[in-house]
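Participant: Sequence first, then the predicted structure, then my questions.
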Amino acid sequence: MTEIAHAHRTRADWERETLHPSLKRAPERKAHFETPSGIPLDVVYGDPTTGAGYRGEFPGEYPFTRGIHPTMYRSRYWTMRQYAGFSTARESNARYRYLLSQGQTGLSVAFDLPTQLCMDADDPLAAGEVGKVGVSICTLRDMRELFDGIPLDKVSTSMTINAPAAVLLALYIAVAREQGIGSNDRKSGTDGCALPAGPWPLRGTVQNDILKEYAARGLYIFPPKPSMRLVTDVFAFCKQHVPHWNTISISGYHIREAGSTAVQEVAFTLANAIAYVQAALDVGLDVDEFAGQIAFFFNAHNDFLEEIAKFRAARRLWAWIMRERFGARDPRSCMLRFHAQTGGSTLTAQQPINNVARVTIQALAAVLGGAQSLHTNSWDEALQLPTAEAARTALRTQQIIAYESGVTDTVDPLGGAYVIEYLTDEIERRARALIEQIDALGGAVRAIESGWMQAQIAESAYRYQREVEAKERIIVGVNAFEDEGEPQSVGERFRVDPAIEAEQRRRLAEWRAQRDNERVSALIAQLERTARSSENIMPCLIACVEGGVTVGEIGKALRRVFGEYHPPTVI
């Protein structure tokens with residue numbers, strides 16, 4: 001277990017040094033909090049002597065087990081950020097506007113598979129996949145339409161994009177520049193690409209977590225070394241030009257979806273995070289210059305108590321890693337800020353309306369675990385892309401938890417409960433042991449390259465499936481309480497029009513015909529030279545997308561320089 005730095009501190013110390021300064025920056029939502037019976041609620045509860053809870057921990061202080069902010073949701077609810085994107089940029093834009101009108105407080109962009117693999121819609125390998133699992137983005141025009149009417153300096157945007165994260169960030173910055181956000185003055189870079197002056201007051205996140213693609217999800221392009229270079233180039237560029245942008249969201253979500261346990265989700269995610277921090281240090285960045293913009297992305301799964309404890313344990317362990325292993329001095333560098341999404345793999349096609357209950361339990365666990373933002377899955381996602389009605393119900397689930405349940409009125413309400421504290425300690429202990437095992441293998445990259453991490457996840461997934469098939473683990477409506485012969489009605493069906501693929505190809509041809517192709521050729525040549533050098537690639541990527549180079553053309557250029565990754569066989 002992590003040693004607590006200020007176990008001797010009293011509640012009065014915490015109020016004077018942490019709580020009161022925080023309230024000046026972020027006042028509470030109400031002057032007084034009380035239950036419907038009129039019973040007053042304090043900001044936090046714990047030991048009658050210290051008021052702090054288990055082992056003298058206070059919210060807003062190292063190791064942040066009880067939350068990264070002193071008042072948490074008493075001052076501000078989590079960001080309600082529904083993951084959406086499908087078909088064309090215009091259709092996705094309409095869904096974003098709808099969700100914002102319904103009270104969503106942030107955007108989360110889903111890209112189709114060709115975009116996630118840095119391919120254009122007219123690539124032969126993109127056939128049949130354009131616009132299917134997310135929005136198709138090939139050009140600056142597509143990105144412009146995706147955010148049409150949405151001021152990028154007023155909304156926080158998360159983009160689930162990894163191998164080509166730097167490319168999509170360049171497109172986002174280009175759209176912000178077109179909107180007149182920040183300084184648009186440009187100064188010449190030494191490599192011939194113009195360097196945007198900035199800084200831009202943009203807030204959001206690129207997932208940019210390539211290691212979990214090798215370990216669990218499979219949407220990688222380049223080998224690990226150049227991929228890590230792209231990650232750290234984003235770190236360095238944003239430190240100077242987009243200082244409020246979260247440069248990476250290190251994802252345990254997909255590790256869990258691939259079949260890991262909760263302990264493995266924490267351990268493998270933090271082991272990957274260690275690799276990213278070390279890579280940034282190796283290129284000369286100071287830990288406190290970039291660590292405060294690192295974010296995390298976790299799964300909110302079915303086991304209610306374990307999930308709450310998992311989030312608390314992850315915060316505590318990450319704080320210790322950053323301070324003791326990497327020498328971070330800024331408290332923000334030690335804060336594990338995370339987005340949560342309810343478990344897609346837990347949704348069932350059988351009796352699909354039951355998924356509303358599953359999602360509610362999972363979302364409540366994320367809130368009780370102290371999430372900074374949350375996506376709730378729609379009940380029909382085991383069958384199709386969500387309808388607008390199902391997406392609204394998913395958002396309403398968050399709003400009911402926030403505004404009706406009362407769990408947001410005191411910080412870490414389950415802190416100090418014997419079972420929660422036991423599970424928090426045990427998850428931390430087991431995750432720490434796994435990280436030590438990964439260190440002994442040479443770190444996360446080596447553990448992935450050897451196939452060790454993938455094998456661990458596969459073994460857990462196999463064990464879970466065997467338990468389901470043996471009915472040792474009950475899934476309501478699947479292996480128990482089935483409705484034999486009863487048709488599954490989902491009402492309105494949502495389908496992506498297959499004609500959008502041909503339309504996107506037509507738009508690409510039109511784009512290429514209207515641009516300055518001589519300039520495009522020069523930009524692609526410069527991009528390849530920059531990729532072969534040690535210079536930061538981001539300014540060149542921004543110049544490329546503003547000059548008309550497509551996502552797929554950038555991908556082909558980088559493949560020529562970096563090559564492609566071929567994974568080891570895991571049995």
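Facilitator: The structure has been received and is ready for your questions.

Participant: Give me the contact list for stretch 77-85.
Facilitator: Taking contacts as C-beta atoms under 8 Å, 6 or more residues apart in numbering, the residues outside stretch 77-85 that touch it are 92, 95-96, 99, 103-112, 134-135, 156, 158, 160, 339, 341, 367, 371-376, 391, 394-395, 398-399, 402, 408. Every residue, glycine included, has its C-beta placed from N, CA and C.

Participant: if you set the cut-off to 6 Å instead, what comes out?
Facilitator: Stretch 77-85 has contacts (C-beta atoms under 6 Å, 6 or more residues apart in numbering) with 92, 95, 99, 104-106, 108-110, 134-135, 158, 371-375, 395, 398, 402.

Participant: Check the average confidence over that stretch, would you?
Facilitator: For stretch 77-85, mean pLDDT is 88.

Participant: ok, now stretch 419-436?
Facilitator: 98.

Participant: Could I get the CA-only coordinates of it as CSV?
Facilitator: Extracted in CSV, the C-alpha atoms of stretch 419-436 (Å, rounded to 0.1, in the frame of the first residue of the first chain):
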residue,chain,number,x,y,z
VAL,A,419,-15.1,-3.5,2.0
ILE,A,420,-14.3,-0.5,-0.2
GLU,A,421,-11.0,0.2,1.7
TYR,A,422,-10.1,-3.5,1.6
LEU,A,423,-10.7,-3.8,-2.1
THR,A,424,-8.8,-0.5,-2.7
ASP,A,425,-5.8,-1.8,-0.9
GLU,A,426,-5.9,-5.2,-2.5
ILE,A,427,-6.3,-3.9,-6.1
GLU,A,428,-3.4,-1.5,-5.5
ARG,A,429,-1.2,-4.3,-4.0
ARG,A,430,-1.9,-6.8,-6.9
ALA,A,431,-1.6,-4.1,-9.6
ARG,A,432,1.8,-3.0,-8.1
ALA,A,433,3.0,-6.6,-8.2
LEU,A,434,2.0,-6.9,-11.9
ILE,A,435,3.9,-3.6,-12.7
GLU,A,436,7.0,-5.0,-11.0
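
Participant: How about it, which residues are buried there?
Facilitator: Of the residues in stretch 419-436, I420, E421, L423, T424, D425, I427, E428, R430, A431, R432, L434, I435 count as buried by neighbour count, 16 or more other C-beta atoms under 10 Å.

Participant: quick one, what contacts the third one?
Facilitator: This points to L423. So L423 contacts E306, A309 (C-beta under 6 Å, 6+ apart).

Participant: How far off centre is the helix or strand where it lies?
Facilitator: For L423, the host element (DSSP states H and E) is helix 418-441. Taking C-alpha atoms, centre = their mean, to the nearest Å, the mean C-alpha location of helix 418-441 is offset from the chain mean by 22 Å.

Participant: if I've got this straight, F297 is in a helix?
Facilitator: No. Using DSSP: H, G, I helix; E, B strand; the rest coil, the assignment for F297 is strand, not a helix.

Participant: since we're on it, how many residues are nearby?
Facilitator: If you count neighbours by other C-beta atoms under 10 Å, F297 ends up with 24.

Participant: In contact with it, which residues?
Facilitator: S249, S251, Y253, H339 are the contacts of F297 under C-beta under 6 Å, 6+ apart.

Participant: likewise A166?
Facilitator: L230, V234, L541.

Participant: Contacts only, for the first one.
Facilitator: In this case it means L230. Applying C-beta under 6 Å, 6+ apart, one finds that L230 lies in contact with A166.

Participant: which residues in the chain form strands?
Facilitator: Here the chain has its strands, by DSSP state E, at 79-84, 106-110, 156-160, 186-188, 194-196, 203-206, 245-246, 248-251, 294-300, 338-342, 373-375.

Participant: As TSV, the ones you listed with distance to R144 would be great.
Facilitator: Converted to TSV, these look like this (distance: least, C-beta to C-beta, whole Å):
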stretch	distance to R144
strand 79-84	18
strand 106-110	14
strand 156-160	14
strand 186-188	19
strand 194-196	17
strand 203-206	17
strand 245-246	19
strand 248-251	24
strand 294-300	26
strand 338-342	26
strand 373-375	25
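
Participant: Next one: the nearest residue to S251 once chain neighbours are set aside from I308, what distance?
Facilitator: Spatial nearest neighbour of S251, chain neighbours left out: F297 (4.3 Å); criterion: C-beta to C-beta, 6 or more residues apart in numbering. Distance of F297 to I308, computed by C-beta to C-beta, to the nearest Å: 17 Å.

Participant: where does the stretch 151-300 of the chain have low pLDDT?
Facilitator: 183-192, 194-198 (pLDDT under 70).

Participant: Let's see that with 50 instead.
Facilitator: 188-191 (pLDDT under 50).

Participant: In it, what residue spans correspond to helices?
Facilitator: Taking DSSP state H, counting those that start in this stretch as the criterion, the stretch 151-300 of the chain contains helices spanning 165-178, 211-212, 224-241, 253-257, 262-282, 287-290.

Participant: Distance to G451 for those - can I get that in a markdown table?
Facilitator: Supplementary listing: the helices of the stretch 151-300 of the chain in a markdown table, determined by distance: least, C-beta to C-beta, whole Å:
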| stretch | distance to G451 |
| --- | --- |
| helix 165-178 | 24 |
| helix 211-212 | 14 |
| helix 224-241 | 13 |
| helix 253-257 | 15 |
| helix 262-282 | 13 |
| helix 287-290 | 30 |
